[in-house]
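Trainee: The following block contains a protein sequence and its predicted model.
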Amino acid sequence: MAMLTIEDLHVNYGVIEAIKGVSFSVEQGEVIALIGANGAGKTTILHTITGLIPVKSGKIEFEGHDLCKTPAHKIVQMGMAHVPEGRRVFQQLSVYENLLLGAYTRKDKAEINASLELVYHRFPRLKERQKQLAGTLSGGEQQMLAMGRALMSKPRIILMDEPSMGLSPLLVAEIFDIIENINRDGTTVLLVEQNAKMALSIANRAYVLETGRLALQGKASDLMENEEVKSAYLGG
């Protein structure tokens, strides 16, 4: 059984059909990339999986549990974390306070402290700036904070929405290295990313979304060589 299964998913914004019968799966331990142009529906899919947007019809299952009527905070408790587009850090709170909010569903203080140390080990800059207000961090540091905050919930799967947005090429490479390391340490990753080249370079499999429908799917390495994908998304 796949870790995460989406079957014939339909999502509406009012009368507009945003997602039109999308089906895909994520196996434990994989990095799955969802790529496509702006407005293709990538973010909508992530928001629907994590309970932020209601499902019109279709099925979403996480480790055998139906997510379609599960509140967002319960989904976090099940072992799913979401790194939203635009980072969404709490700007008036410190780095440390932002990280603690990531662990709000957990009770064991010793385990929370152990997770905090792991996050600081993975993101040394966050440890250096733990007392600093999150709003004063650079874009790259805020992205690291958003990822660290998600890891504080001890997820088995992490959904990342446009982690490279607005970052310099050097920082993009660093963020993708961190995503690979997170996955290598056992966390499954579903990645929405406009930088298709970077996403395909670290993914096992990928799905190409066009105006709310799946246009292509396959091994990431095969899609990297696909002429249609090259011309539309890889600048080739």
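Mentor: Thanks, I have it.

Trainee: Excluding covalently adjacent residues, which one is nearest to the most centrally placed residue in the chain?
Mentor: Nearest to the mean C-alpha position of the chain, by Cα atoms, centre = their mean, lies Met160 at 1.6 Å. If you skip the residues right next to it in sequence, Met160 has Val83 as its closest partner in space, 4.5 Å away by Cβ to Cβ, 6 or more residues apart in numbering. C-beta coordinates here come from the backbone N, C-alpha and C atoms, glycine included.

Trainee: Do I have it right that that neighbour meets Pro163?
Mentor: Yes: between Val83 and Pro163 there is a contact at 6.5 Å, judged by Cβ atoms under 8 Å.

Trainee: Overlap in contacts, the two.
Mentor: Between them, Val83 and Pro163 share these contacting residues under Cβ atoms under 8 Å, 6 or more residues apart in numbering: Met147.

Trainee: And the residue nearest to Met160, how far from Leu133?
Mentor: Using Cβ to Cβ, to the nearest Å, Val83 is found at 20 Å from Leu133.

Trainee: Those two - which one has more neighbours?
Mentor: Neighbour count, other Cβ atoms under 10 Å: between Val83 and Leu133, Val83 has more, with 26 against 16.

Trainee: Now do the same contact list for Pro54.
Mentor: So Pro54 contacts 11, 48 (Cβ under 8 Å, 6+ apart).

Trainee: Confirm that it sits in a strand.
Mentor: No: the assignment for Pro54 (DSSP: H, G, I helix; E, B strand; the rest coil) gives coil, which keeps it out of a strand.

Trainee: And the pLDDT for it?
Mentor: pLDDT, Pro54: 93.

Trainee: Ala232: how many residues sit nearby?
Mentor: Neighbour tally, Ala232, other Cβ under 10 Å: 18.

Trainee: next one: Val192
Mentor: If we define neighbours as other Cβ under 10 Å, then Val192 has 25 of them.
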